[in-house]
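*Asks:* need a structure here:
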Amino acid sequence: MSAGLVALLDDVALLARAAAASLDDVGAAAARAGAKTAGVVVDDTAVTPQYVRGLAAEREVPIIRRIAVGSLRNKLLVILPVVLLLSWLLPVALTPLLMVGGAYLCFEGAEKVWGRLRGHGPHAAAGPGGAAALPDEDALVKGAVRTDLVLSAEIMVIALDEVVSEPFLTRAVVLAVVGLAVTVGVYGVVALIVKMDDAGLRLAEAPSAAVARLGRWMVAALPKLLTLLTVVGTAAMLWVGGHLLLVGADELGLTAPYEVVHHAEEAVAEALGAAGPVAGWFVATLAAAVLGLLVGLLVVAAVHAVEVVRHRRGATDGVPSAH
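*Replies:* From the prediction side, this is the model:
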């Protein structure tokens, strides 16, 4: 009896060690996959704060929470099953889908640039009596979640590429861990950024002169930080979108654009010595952003042309008959 119990305990210990090793493997894979997505995570963090500009202070965190929930839903309920199934059944479809997402990011970024050039800034429109109209929160959240869908898809696909050789269940667990960690990290940082002025106001009332000075600086710095993040977010969408198009076209056989950018990056890196890698990265990033802007402006023009045609047709249909 005692021998049987000892054998059972040995089996349990073996299972526990196997489970621990499996968890270690998942953790290590998740860490590698998360590191690969670091650049896109920065993009996502830069893009998001622009969605709460113009909102009342008490609505900022609730809106960010709603966007975070939508982002998590995107990653776990939409993107995760799709990329797992596609990687198993139709892996060749992943690249075209990412290119479509890249074109959408280019459109989003170029539309913001076009709006700036036409003098339509990101500020809220004036309402009756010259007062600023409150943003439509539902529309704002939907737009943010749509943009997040593309960024999240890239994050998940990059993570998948790191663990594509792992067993199916390990892939699923790693992608779920990465999706959850990225969402909590990004929107946690965003919530801290947009509440910086509230924290600054509290510090400004502190008895310590140094602390009060820090608080006033935080309050004064927040609008500039949000403006900077808006610019960075727009540039990030153009960069990521252009990069997706470059890499996707290369994988589909249209190699010339990617090769031109890659050769330029290598030439700059070799010519500048120690500063070469950074300068080469900047050249490649700038080229991707310029491509993203050009493609985005073409999409903006096409979308606006369609809208004009629809408006004219609607106006024509609405003209009363001469009889």
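*Asks:* skip the chain neighbours and tell me the closest residue to Y258.
*Replies:* D250 (3.7 Å; Cβ to Cβ, 6 or more residues apart in numbering). All C-beta atoms are positioned from the backbone trio N, CA, C, and that covers glycine.
*Asks:* quick one, helices of this structure?
*Replies:* Taking DSSP state H as the criterion, the chain carries its helices at 2-36, 38-47, 57-73, 80-89, 94-117, 137-162, 168-194, 196-204, 209-251, 256-271, 276-318.
*Asks:* would a markdown table of these with mean neighbour count be doable?
*Replies:* Below are the helices of the chain laid out as a markdown table (neighbours: other Cβ atoms under 10 Å):
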| stretch | mean neighbour count |
| --- | --- |
| helix 2-36 | 12 |
| helix 38-47 | 20 |
| helix 57-73 | 18 |
| helix 80-89 | 15 |
| helix 94-117 | 20 |
| helix 137-162 | 21 |
| helix 168-194 | 19 |
| helix 196-204 | 16 |
| helix 209-251 | 19 |
| helix 256-271 | 15 |
| helix 276-318 | 15 |
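*Asks:* mind putting the ones you listed in JSON lines, mean pLDDT included?
*Replies:* Compiled in JSON lines, these are given as follows (pLDDT from 0 to 100):
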{"stretch": "helix 2-36", "mean pLDDT": "47"}
{"stretch": "helix 38-47", "mean pLDDT": "58"}
{"stretch": "helix 57-73", "mean pLDDT": "84"}
{"stretch": "helix 80-89", "mean pLDDT": "85"}
{"stretch": "helix 94-117", "mean pLDDT": "83"}
{"stretch": "helix 137-162", "mean pLDDT": "80"}
{"stretch": "helix 168-194", "mean pLDDT": "84"}
{"stretch": "helix 196-204", "mean pLDDT": "83"}
{"stretch": "helix 209-251", "mean pLDDT": "84"}
{"stretch": "helix 256-271", "mean pLDDT": "89"}
{"stretch": "helix 276-318", "mean pLDDT": "86"}
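*Asks:* isn't V261 up against L246?
*Replies:* Yes - look at V261 against L246 with Cβ atoms under 8 Å: they come within range, at 6.3 Å.
*Asks:* so for these two, which residues contact both of them?
*Replies:* 287-288 (Cβ atoms under 8 Å, 6 or more residues apart in numbering).
*Asks:* pop out the phi and psi values for L272.
*Replies:* Dihedral pair for L272: phi -110, psi 10, per degrees, to the nearest 10.
*Asks:* contacting residues for the residue nearest to it when sequence neighbours are not counted?
*Replies:* Among residues not flanking L272 along the chain, A279 sits closest, at 4.9 Å (Cβ to Cβ, 6+ apart). By Cβ under 8 Å, 6+ apart, the contact set of A279 is 268-269, 272.
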